[in-house]
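Visitor: predicted model, plus sequence, below.
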Amino acid sequence: MAGLGQHIKDLRARAGLSQGALATRVNIDVTYLSKLENDRQSASEAVLRRLAQALGEDPSKMLVLAGRLPREMQSTFQASILGDGQPAQAMPPRYHTFFVDRTDDRTRLERMLEPGSLVAVTGPPGCGKTRLAAEVAHELIGRGRPIIWLEVREDDPDRMGAAAVLAHGSPESVLVLDDADRDLSASIATARRMVAAGITVVATSRQPLGIQGQRLLPLDSLTVPDRHQLPSGAPDVRTLQEQDSVKLFVARASLVDPAFELDGTNAPAVFEVVRWLDGLPLAIELAALRLGQMTVNDLAASLGGGMLRLLRGNTPDVPDRHSSLSRAIEWSFEHIDEPRRTVAARLSLFASTFTLEDAVTVAKDETHPRDLVETAVIDLVNCSLIAWGQNADRRAVYRWLRPIRQYARQQLDRADDREAVFERYRAWVQQVVQSIHASRGRRSEAEWARLAELTPELVSTVYRLPIEERSDAMNQVADALAVSLQFGNLAGHAYWIRDELNEAVPDVFREAGSLARIRGDYEQARRSFEQKHRIAVNEKDERGQANSLLDLAENAADVGQSKDAAELVQRASELYEKLESRRGRIEVLNLRGKIAIETRDVTADQVLDAERLFEDALSRSREIEDSRLEAYAEQNLGVGELLLGRIASARGHLESSLGLRVAMRNHRGQARLLEAFALVESAVGNHQVALRLIGAARRYRRSSGVEGIPRWWGDKLDAVEDAASVVLEPDAIERHLESGAALTLVEAGQLATMDEHERFGPLDEVRTDRLRRAVPLRVDRWQLASEVAAGARRGQPTPLDVALHELAGPSGGSGEAHRHVIRSKVLAIAEPVTAQTTDLRCFAIDALRYRGTIVPVFSSGQALAAALEMHPEWGGQHVVEVVLEQVRGRLVKGETMVVNPWTPDEHRFTATDDYGPAGPARASTSRSASA
């Protein structure tokens with residue numbers, strides 16, 4: 001008798017239809033129809049029924065030829081359909097794609113098929129239950145054993161009854177109930193009758209049928225590569241090729257991309273994809289299908305939140321539940337009750353194994369008591385949504401397959417109580433960290449192994465802690481891991497612990513070291529980086545050794561140990577050269593130059609040599625498009641130019657670095673750049689602006705948890721404060737750094753008058769005398785300053801005020817006369833101008849400032865300071881972004897802006913030209929509502 005493919009060809013020829021015409025009528029792809037006619041493609045019942053209707057054929061006959069039991073037939077099939085007079089068999093689906101040889105599972109299943117036995121093949125959605133049963137069924141058919149295959153549907157008792165009748169026709173029959181859990185009660189009833197009659201029953205289901213005497217065959221995912229198969233960060237291709245999950249991925253990928261082969265270029269991405277998919281065959285097949293639209297590297301980059309969206313779009317002949325991984329998982333969740341769905345969503349926070357007690361700690365609340373949570377965990381295991389196993393202490397631990405966890409996590413994200421669940425989870429993590437630290441050396445192998453498994457989870461959760469708690473928490477994790485490594489080294493039977501730790505440990509110690517360093521605990525940072533280096537040496541990981549040596553070098557440079565830092569950089573450089581690491585070479589260039597310019601008593605020639613290193617690093621950074629390294633080089637160049645007295649060039653490099661840091665949201669780098677701008681402003685005598693920037697940087701460091709300041713850098717900032725103390729009231733320095741408001745003697749009086757209160761108290765003789773002794777200025781300047789301040793306190797104009805008022809007039813008067821007076825007064829008051837004297841321009845515009853009009857902004861640094869002063873509630877991050885976006889464009893064009901932080905918006909004035917030492921060249925009276 002002709003098969004299904006030939007039968008369709010005959011009917012199509014009789015109807016005079018081409019393949020294309022028939023495919024259009026049935027709404028299927030012509031390639032799909034061609035494969036179907038050549039028996040290289042299976043078809044769903046819906047497709048077969050549409051074909052039969054289009055060809056004027058009885059659908060029952062076409063379904064029987066396809067090995068499917070039509071629902072129109074109740075008990076037997078017509079002999080004329082079969083052609084051999086034998087009872088019909090609903091045949092198992094025949095697949096024409098590569099099948100991973102699950103030898104052990106196939107052997108176990110065949111051994112279980114004794115007469116009258118019930119075998120339940122169970123496992124999570126997409127693990128390959130149907131495919132395994134179909135492959136074994138075809139083997140049995142080849143040996144002459146009758147097979148009745150039934151794809152169970154909900155509420156379809158006729159088909160179930162017909163299959164039972166067929167099975168009774170032969171005592172040696174095997175009845176396969178595929179997806180038995182889709183109508184669990186009917187499947188259980190049918191299986192009981194069959195077993196009682198001595199018929200063998202195989203049920204594929206996500207949960208056992210619950211019949212006494214059933215035999216269970218739990219089906220695991222395919223084997224996935226271990227972490228230790230990534231020596232020095234590159235997977236071994238030959239080892240990967242032996243993994244079942246990789247074999248399946250490559251086989252499916254070659255169907256959509258015949259040129260696809262596993263090689264050294266794509267092996268890392270394949271490694272990551274199959275590991276993330278936890279070896280689920282359906283997930284792997286759907287992922288491989290995406291290679292028709294993207295590369296495997298694109299797939300690897302999508303791991304995590306967006307992966308489930310990609311795992312859809314299977315071929316049209318598969319059942320709807322297998323059309324996407326999300327749909328397969330969703331079906332399972334729909335068939336558990338609401339309390340269990342809620343518990344499952346809460347447990348999705350566990351990225352690694354957890355115990356029953358852990359589950360209760362996180363999932364329990366008033367509406368979900370302990371007994372409900374414990375029962376829900378057992379039921380989720382029973383439904384194959386959560387896997388379970390034993391630890392080395394033979395205690396039960398539970399874990400998610402990643403795709404299923406991601407689906408559950410999406411449900412939690414939609415829950416109204418998610419914040420309360422997160423808080424319980426954070427408390428659990430903190431408890432784990434504290435427990436690890438407290439009991440360090442008294443743990444069992446199972447506990448150490450669990451620590452290794454939990455490490456990535458602990459690290460990610462530490463970063464959710466308040467800023468002030470992060471470093472201590474990370475140090476506790478690192479200390480516990482150090483003990484576990486020692487345990488693994490000393491105990492010969494526990495080397496497997498090291499395999500678990502290989503991937504996570506180096507990052508933990510680097511994170512602990514980095515957190516300690518930015519907090520200013522350089523000794524703790526050194527210990528963490530040294531531990532990381534020892535691990536890299538033990539593992540013969542040269543890249544890890546180079547990175548840790550560089551970390552140690554930077555840490556040494558921060559505490560002023562230049563010689564040690566240079567030696568460490570040299571050792572790192574030799575390793576990077578051996579590895580041909582382009583980024584490593586750039587890191588070395590930057591750090592070598594930084595160490596050189598931060599040496600005590602550095603010469604101009606040494607700075608120039610360092611700048612050549614920075615320029616080389618900058619060029620190479622741009623070649624590989626690495627913004628972090630580029631920002632670092634720009635910052636170093638800015639500092640170098642500042643040391644050489646090239647102020648304009650220094651500002652340019654620092655502004656470029658700041659733009660890159662903002663884009664990367666690098667908090668420590670932005671704080672450092674605020675301080676660098678302070679050095680620039682101090683160098684040109686703008687001490688008030690410099691102090692505002694240092695104060696802002698300090699507040700920013702505290703709010704971002706990056707308080708650590710390297711020794712050389714701290715000395716430079718101290719020098720800025722010392723220079724400011726020469727011209728500012730010493731008592732106001734600390735007050736300024738906290739509030740962001742540094743006031744000269746003149747400004748103190750003016751503000752007291754404008755704000756109608758004595759903000760900093762009167763300028764008494766004691767304070768004046770102390771300032772005169774501290775500041776080497778001419779008496780006439782102090783007399784003028786004191787006179788202005790005294791007049792401001794009394795609300796009386798000074799001679800300077802009168803002169804300016806007369807020339808400028810109440811409404812601004814003659815602009816030329818106004819500018820002339822300011823210029824002449826600046827020249828008269830400000831001789832000589834040195835870096836150690838006050839910002840003399842403030843004296844020149846005292847009268848204008850006293851009247852509440854303008855405050856000059858001379859540079860990007862001053863723009864930052866003014867914005868921070870006007871809007872302290874913004875915080876450092878926002879100020880930097882706003883100033884860069886709104887101000888920097890004008891500064892680059894040589895424009896500046898003038899703002900007045902002391903008065904309402906309507907009194908702010910702008911200016912378009914830079915202000916020189918002689919005062920403003922041109923002023924504009926146009927009002928501006930914003931800075």
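Guide: On my side now, so go ahead.

Visitor: so residue 522 touches residue 559, yeah?
Guide: Yes. Using CB atoms under 8 Å as the test, residue 522 is close enough to residue 559 to be in contact (5.0 Å). Using the backbone N, CA and C atoms, a C-beta is placed for each residue, glycine as well.

Visitor: low-confidence ranges, the stretch 51-200 of the chain, go.
Guide: Along the stretch 51-200 of the chain, the parts satisfying pLDDT under 70 run over 60-61, 64-90, 155-171.

Visitor: where do the helices of it begin and end?
Guide: All helices of the stretch 51-200 of the chain, identified by DSSP state H, counting those that start in this stretch, fall at 59-65, 79-82, 103-112, 129-142, 157-168, 184-196.

Visitor: buried ones in stretch 409-416?
Guide: Under the neighbour-count criterion of 16 or more other CB atoms under 10 Å, stretch 409-416 has 409, 411, 412 buried.

Visitor: whoops, stretch 630-650 was the one
Guide: 630-643, 650.

Visitor: report the mean confidence score over it.
Guide: For stretch 630-650, mean pLDDT rounds to 90.

Visitor: tell me which residues are up against that stretch.
Guide: Stretch 630-650 is contacted by residues 586, 589-590, 593-594, 597, 602, 604, 607-608, 610-611, 614-615, 617-618, 621-622, 651-654, 656-657, 660-661, 664, 666, 669, 672-673, 676, 679-680, 683-684 when judged by CB atoms under 8 Å, 6 or more residues apart in numbering.

Visitor: then stretch 597-605?
Guide: 557, 562, 596, 606-607, 610, 636, 639-640, 643-644, 710, 712-713.

Visitor: rerun at 10 Å
Guide: Contacts with stretch 597-605, where a contact means CB atoms under 10 Å, 6 or more residues apart in numbering, come from 557-558, 560, 562-563, 565-566, 596, 606-607, 609-611, 613-614, 636, 639-640, 642-645, 710-713, 715-716.

Visitor: quick one: which of the contacts of stretch 630-650 sit in strands?
Guide: Assignment to strands by DSSP state E places none of those there.

Visitor: among the residues you listed, the buried ones, what's the PyMOL command?
Guide: Filtering the contacts of stretch 630-650 down to the buried ones (16+ other CB under 10 Å) takes a single PyMOL command:
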select buried, resi 586+589+590+593+594+597+607+610+611+614+615+617+618+621+651+652+653+654+656+657+660+661+666+669+672+673+676+679+680+683+684
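
Visitor: just the contacts of stretch 630-650: which are in helices?
Guide: Judged by DSSP state H, helices contain the following of the contacts of stretch 630-650: 586, 589-590, 593-594, 597, 604, 607-608, 610-611, 614-615, 617-618, 621-622, 651-654, 656-657, 660-661, 664, 669, 672-673, 676, 679-680, 683.

Visitor: just to revisit the earlier point, from the buried residues of stretch 409-416, which ones fall inside helices?
Guide: Using DSSP H, these in helices are 409, 411, 412.

Visitor: out of those, flag the one nearest to residue 356.
Guide: Here the nearest of those to residue 356, counting by CB to CB, is residue 412; it sits at 19.4 Å.

Visitor: surely residue 114 and residue 215 touch.
Guide: Yes. Contact status for residue 114 versus residue 215: in contact at 9.0 Å, counting by CB atoms under 10 Å.

Visitor: okay, these two: which has more neighbours?
Guide: residue 215 (17 against 9; other CB atoms under 10 Å).

Visitor: how far away is that one from residue 710?
Guide: Distance, residue 215 to residue 710, using CB to CB, to the nearest Å: 68 Å.

Visitor: list the contacts for residue 222?
Guide: 100, 102, 127-128, 243-249, 274, 277-281, 284.

Visitor: helix, strand or coil for it?
Guide: coil (DSSP: H, G, I helix; E, B strand; the rest coil).

Visitor: what about it, distance to residue 276?
Guide: Counting by CB to CB - residue 222 and residue 276 are separated by 13 Å.

Visitor: residue 714 now?
Guide: Distance from residue 714 to residue 276, by CB to CB: 45 Å.

Visitor: over to residue 577?
Guide: Residue 577 is 34 Å from residue 276, by CB to CB.

Visitor: which of residue 714 and residue 276 has more residues huddled nearby?
Guide: Taking other CB under 10 Å, residue 714 and residue 276 do not tie; residue 276 has more neighbours (19 against 15).

Visitor: can you pull the contacts of the more buried one?
Guide: 224, 283, 287, 299, 300, 302, 303, 304, 307, 402, 403, 406.
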